[in-house]
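Visitor: okay, here's the prediction I keep looking at, along with the sequence it came from:
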Number of protein chains: 4
Amino acid sequence: MVAVTIWNEFRHEREEQAAEVAYPDGIHEAIADALTDEYDVQTATLDDPHHGLTADVLEDTDVLLWWGHEAHDEVSDVVADRVHRHVLEGMGFIPLHSSHYAKPFTRLMGTSCSLQYREDGGTERLWVVDPGHPIADGLNEVIELPETEMYGEPFDVPEPDRQVFISWFEGGEVFRSGCCYRRGNGRIFYFRPGHETYPIYNNAAVRRVLRNAVEWASPTEGAPRTFGERS
Amino acid sequence: MVAVTIWNEFRHEREEQAAEVAYPDGIHEAIADALTDEYDVQTATLDDPHHGLTADVLEDTDVLLWWGHEAHDEVSDVVADRVHRHVLEGMGFIPLHSSHYAKPFTRLMGTSCSLQYREDGGTERLWVVDPGHPIADGLNEVIELPETEMYGEPFDVPEPDRQVFISWFEGGEVFRSGCCYRRGNGRIFYFRPGHETYPIYNNAAVRRVLRNAVEWASPTEGAPRTFGERS
Amino acid sequence: MVAVTIWNEFRHEREEQAAEVAYPDGIHEAIADALTDEYDVQTATLDDPHHGLTADVLEDTDVLLWWGHEAHDEVSDVVADRVHRHVLEGMGFIPLHSSHYAKPFTRLMGTSCSLQYREDGGTERLWVVDPGHPIADGLNEVIELPETEMYGEPFDVPEPDRQVFISWFEGGEVFRSGCCYRRGNGRIFYFRPGHETYPIYNNAAVRRVLRNAVEWASPTEGAPRTFGERS
Amino acid sequence: MVAVTIWNEFRHEREEQAAEVAYPDGIHEAIADALTDEYDVQTATLDDPHHGLTADVLEDTDVLLWWGHEAHDEVSDVVADRVHRHVLEGMGFIPLHSSHYAKPFTRLMGTSCSLQYREDGGTERLWVVDPGHPIADGLNEVIELPETEMYGEPFDVPEPDRQVFISWFEGGEVFRSGCCYRRGNGRIFYFRPGHETYPIYNNAAVRRVLRNAVEWASPTEGAPRTFGERS
């Protein structure tokens, strides 16, 4: 059974009423609820010792989901480096929404990961542009989310290996909302939807995407990665 | 000076009043007008002998622009093969709008090149998603076109080498509107805007894109392409 | 259980003694032997009616392996088109060795698929350059084949989505020997090793690659691919 | 005229006799000699104040070449970050040989950039696998270097946007020796050849590659890169 760790900053939900209403047990628990029937799920948060991401936890993690927003800088470099290294060694990594600025993601991308945004509560439509991709399994041609924060291009990331979703926003913008990457042995899927006060992780199609992404990002056996001097 | 050939089906403009109004001299002449100051431009049309694309013409062409719509099937296989071969040998190729179904393009892509469409005259906004690309030189962050035919995803093409534009449509769809490919030695840029009755090739930003694309698609010297038995 | 069809030209083995010695039952049976424990395998050959690739056979095929060499032109356009269409709709496709010139492969690639070659029986070493790829599962860092036909660059194919193997040849050349592509919904893996008189498909590591590639190329459920006019 | 800055660690040439013999004025001067006729060239070294890479110097640099080996760690994070930022804003970047481990390169790639090596003085042959690429302009199909340090796969970098060269080594290995990337607005070309004691930067074909790479990596005008809150 694939071992999943869901990491959440878990600040908004304890500090802002709207966030607490949307996610009374925290975003991590809403995501856990979407994954727990199929995967072996544990959670970790910023304020846990070592942010809950000790060497042992990561050693036992096949796929790590990540939600952060206001406290990216409080993630220690030690933990960010550890996550980074585990991804290169094969751990799947799924940064969500505002985690485009999470330390492990920007280190893996090597770019600023900047974008445009507007908190206007408008409609988002995520179009499947790669209908043969396993992350699109079982979806319709479009996912409609009635109330979202807008993210707009340019999105300063490397050209994705595969683009699964492109978002349309009511206010007139577009965004590359589902981006697949490989770095080292690790599979990375950036997925845009999610917000601390709009309960997007309760949406059935979004939850299906999360399950598909975990499946896709799980490590495979591979061949040896031997580096250094060769005799 | 880069030698440009603009190929146009040139049927709508002689058969439909709205198209004649939009492009009284044909779409090819409107495009020629955008390019003629900087490039050595000639035109060719479907009803010319050999569709105007003889071996000599292609031999002297650095970059070929292509507009077709209702008569893709009337392009002879001989000419389609000739264009295909010249692209692999280094000629730039810029299929426009409904030319996603043009024979040379589908042969180069190897896919169906199908898409969704709706002729509703709605607004299109082309977002620059790769602001460092030479095809984006001198543009603003978005090109707005007030009246267009919608093209929607999925667009059945290979994952582009680089995505320069993504379109937003008023009716709720998105489309990968500017796609760069290399096939053999040839550079290919599919550019979505254009329609027989909306005078889109008179738009200043669209004309800038066409000029940039010609510059980008021009052949470079390269190294030998030697195939076959090796001693 | 994944349904595999192995297509073989099956001429060399009936016409040349060296080929008959290497593959007494035909190349297709040697490949079938590598796959039959894990997959539901059937075979088809050029001289079967409709080359053994009727609409029904392809409808029931998840992954098609293909070996052709001297008779590419005898494959009918009807069958080549049918294979092409099935790949775009999701069937996996694994062209082997000299099948770089097979009609379905060149149609899918859109390039000449030309290369250099020399039949010198020298050593080939296939290096795993993407050790995290599922096609590399369970391999060592290099596969050594003692007697092979050399294939050399340039190989006129589109830039692969992922490069799994690069070959080193004793005579001084290199070749991109394992290339992954997606076209439409279909996964394509070109794999270089194989020859009619060197019994390469009996090599254990090569057989492991074939099994891995079938697994990787199997279709996934995906999302709808709807094309055409949109209301 | 393109403004080029050549950065060299410049330690080996002052510390080891063999390096001093190969490059009496330093590697940077040998490279400068290859570029100075066509570009506006300046040099900088590790032991200059701020490693010679002040904000002003980088502001005036279109393309930065980089050679480091034994003292990657002595490059300050401030300077590494500055270089990184300038690349994302459009400066071309050409890390050479052992600079696969240079701080700005590993930050841009997001991977370990590890590889295998053996200092055996064997022959290397760089095959042009993308003969239509401008970095291959004017080359033959292969560059032969008689005495080199071997670099072998796996090379832990993201899949290159374009692969221009693949190396064959006498000892039996292969390596992706010329890798093109775009990060932000910047063009990056990793080029393997070079060593402190083998005078590889005096080779005419290698010098041609360096000139071509500078041309290719030069910034273009582009479109605005606007990030942040959108009204």
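Guide: Right, received. Where do you want to start?
Visitor: what's the closest non-adjacent residue to residue A:187?
Guide: Sequence neighbours aside, residue A:217 is the residue nearest to residue A:187 in space, at 4.3 Å (criterion: Cβ to Cβ, 6 or more residues apart in numbering or on different chains). For every residue, glycine as well, the C-beta is placed using N, CA and C.
Visitor: neighbours of that neighbour, how many?
Guide: For residue A:217, the count of nearby residues is 25 (other Cβ atoms under 10 Å in any protein chain shown).
Visitor: just give me how far stretch A:129-149 sits from the chain centre.
Guide: When C-alpha coordinates are averaged (Cα atoms, centre = their mean, to the nearest Å), stretch A:129-149 and its chain have centres 15 Å apart.
Visitor: chain D contacts on chain A?
Guide: A:84, A:88, A:107-112, A:114-118, A:150, A:152, A:154, A:156, A:158-159, A:161, A:173, A:181-184, A:225-231 (Cβ under 8 Å from any Cβ of the partner chain).
Visitor: narrow those to those that are buried.
Guide: Buried subset of those (neighbour count, 16 or more other Cβ atoms under 10 Å in any protein chain shown): A:84, A:88, A:107-112, A:114-118, A:150, A:152, A:154, A:156, A:158-159, A:161, A:173, A:181-184, A:225, A:227, A:230.
Visitor: quick check: beta-bridge partners of the most centrally placed residue in chain A?
Guide: With distances taken as Cα atoms, centre = their mean, the residue of chain A nearest its centroid is residue A:95 (2.2 Å). Listed by DSSP bridges, the beta-bridge partners for residue A:95 are residue A:66.
Visitor: wait, isn't it in contact with residue A:63?
Guide: No - the criterion here is Cβ atoms under 8 Å, and residue A:95 misses it with residue A:63 at 11.7 Å.
Visitor: and chain C, which of the buried ones among the residues of chain A next to chain D reach it?
Guide: Among those, proximity to chain C is found for A:161, A:182, A:184, A:225 (Cβ under 8 Å from any Cβ).
Visitor: tell me the one of these nearest residue B:11?
Guide: residue A:161 (40.6 Å; Cβ to Cβ).
Visitor: which stretches of chain A form helices?
Guide: With DSSP state H, the ranges of helices along chain A come out as A:12-15, A:17-22, A:27-35, A:55-59, A:77-88, A:103-109, A:204-217.
Visitor: and the second one, what does it pack against?
Guide: In terms of contact count using 3 or more Cβ pairs under 8 Å, 6 or more residues apart in numbering or on different chains; DSSP states H and E, helix A:17-22 is assigned the packing partners helix A:12-15.
Visitor: quick one: mean pLDDT for the helix it packs on?
Guide: Averaged over helix A:12-15, pLDDT sits at 97.
Visitor: elements contacting it?
Guide: If you count contacts as 3+ Cβ pairs under 8 Å, 6+ apart, helix A:12-15 packs onto helix A:17-22.
Visitor: wait, what's in contact with the residue nearest to residue A:187?
Guide: Residue A:217 makes contacts with A:63, A:92, A:93, A:94, A:186, A:187, A:188, A:189, as judged by Cβ atoms under 8 Å, 6 or more residues apart in numbering or on different chains.
Visitor: adding neighbour count and pLDDT as columns, could you present the residues you listed in JSON lines?
Guide: Listed next are the contacts of residue A:217 as JSON lines, based on neighbours: other Cβ atoms under 10 Å in any protein chain shown; pLDDT from 0 to 100:
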{"residue": "A:63", "neighbour count": "26", "pLDDT": "99"}
{"residue": "A:92", "neighbour count": "25", "pLDDT": "98"}
{"residue": "A:93", "neighbour count": "26", "pLDDT": "99"}
{"residue": "A:94", "neighbour count": "25", "pLDDT": "99"}
{"residue": "A:186", "neighbour count": "24", "pLDDT": "98"}
{"residue": "A:187", "neighbour count": "24", "pLDDT": "98"}
{"residue": "A:188", "neighbour count": "25", "pLDDT": "99"}
{"residue": "A:189", "neighbour count": "26", "pLDDT": "99"}
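Visitor: and those, which is closest to residue C:36?
Guide: Checking those against residue C:36 by Cβ to Cβ gives residue A:187 as the nearest, at 30.5 Å.
Visitor: please name the bridge partners of that closest one.
Guide: The partner residues for residue A:187, given DSSP bridges, come to residue A:182.
Visitor: ok, now residue A:128?
Guide: residue A:165.
Visitor: out of the contacts of residue A:217, which is nearest to residue B:52?
Guide: residue A:189 (47.7 Å).
Visitor: go ahead and confirm that closest one touches residue A:179.
Guide: Yes - Residue A:189 is within contact range of residue A:179, at 7.2 Å (criterion: Cβ under 8 Å).
Visitor: can you check which residues contact both of these two?
Guide: Residues touching both residue A:189 and residue A:179 by Cβ under 8 Å, 6+ apart: residue A:164.
Visitor: ends of stretch A:189-200, how far apart?
Guide: 18 Å (Cα to Cα, to the nearest Å).
Visitor: for the residue nearest to residue A:102 when sequence neighbours are not counted, which residues are in contact?
Guide: Once flanking residues are discounted, residue A:102 sits nearest to residue A:68: 4.8 Å by Cβ to Cβ, 6+ apart. Counting by Cβ under 8 Å, 6+ apart, residue A:68 makes contact with A:7, A:8, A:9, A:46, A:75, A:98, A:99, A:101, A:102.
Visitor: let's see it at 7 Å
Guide: Contacts for residue A:68 (Cβ atoms under 7 Å, 6 or more residues apart in numbering or on different chains) come out as A:9, A:98, A:99, A:102.
Visitor: repeat for residue A:31
Guide: A:6, A:65, A:201, A:210.
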